[in-house]
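*Asks:* generate coordinates for the sequence data below:
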Amino acid sequence: MTAREWRLVRGAGLILAVALLVRGVPVVASRIDGWHQRATARVALAARARAELADAERLEEVALTARSRFDSLAPRVVAAGSRAEAQAALGMLVEHQARQHRARLVESRPIPDSVRAGRLARVTLQVVLESDLPGLVGTLRALEAGDPVIELRALRLEVAAPGGPSPVEVIVAEATLTGWSADVRGEGK
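*Replies:* Residues are numbered from 1 along each chain as shown. Below is the predicted model of the structure:
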């Protein structure tokens, strides 16, 4: 090979090397950058996982506290396993309080209610009571003051037979009552 051919081969090799460098360096650089970003993300993920594992004991204590608070609500909510059972239990409670205060439960009708607060579900009843004024007031006060907590949402009063032969006026009360029930079966999820 002559000197001139040798220089041509070296020149062509140099041009080829420069072309490979110009094209190859950005590709290699982007791959290295991608590897670096993935490695940085994995290191950050591992650090977060270590922090969460270190915090697991505190989270367990928070969960136990929340569970005990939820369990402490037990006397304040209607004892039932489903919405239908809660409505029936609420109706029986209204009937019991009405009898205690010389009132009569004429009708008890469940009203659909989709309000939820976590594992608590609101139950609503429309009731019709008949009694004299002291019996009606006593029944409603006992329902609102007792356990489980029952809220009087609406009330409509009507005198049953004004001016009738009886000296005691009979009052008909149509009331909307709500209470809360714990979702013990997890139906509302």
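*Asks:* element containing A47?
*Replies:* Per DSSP states H and E, A47 falls inside helix 3-54.
*Asks:* and the next helix or strand past that helix?
*Replies:* Helix 3-54 is succeeded, C-terminally, by helix 56-72 (DSSP H and E).
*Asks:* mind listing residues that contact that following helix?
*Replies:* Contacts with helix 56-72, where a contact means C-beta atoms under 8 Å, 6 or more residues apart in numbering, come from 119, 182. (Each C-beta comes from the backbone N, C-alpha and C, glycine too.)
*Asks:* what are the phi and psi values at the spatially most central residue of the chain?
*Replies:* Closest to where the C-alpha atoms of the chain average out (C-alpha atoms, centre = their mean) is G118, at 2.6 Å. Backbone torsions of G118, given as degrees, to the nearest 10, read phi 70, psi -120.
*Asks:* okay, now the unreliable bits of the chain?
*Replies:* Residue ranges of the chain with pLDDT under 70: 70-76, 161-168, 183-189.
*Asks:* mind redoing it with 80?
*Replies:* Using pLDDT under 80 as the threshold, the predicted model of the chain has low-confidence ranges 1, 20-21, 24, 66-81, 117-119, 146-147, 149, 160-168, 182-189.
*Asks:* and for A46, the neighbour number?
*Replies:* Neighbours of A46 under the rule other C-beta atoms under 10 Å: 10.
*Asks:* my bad, Q87
*Replies:* Q87 has 23 neighbours, counted by other C-beta under 10 Å.
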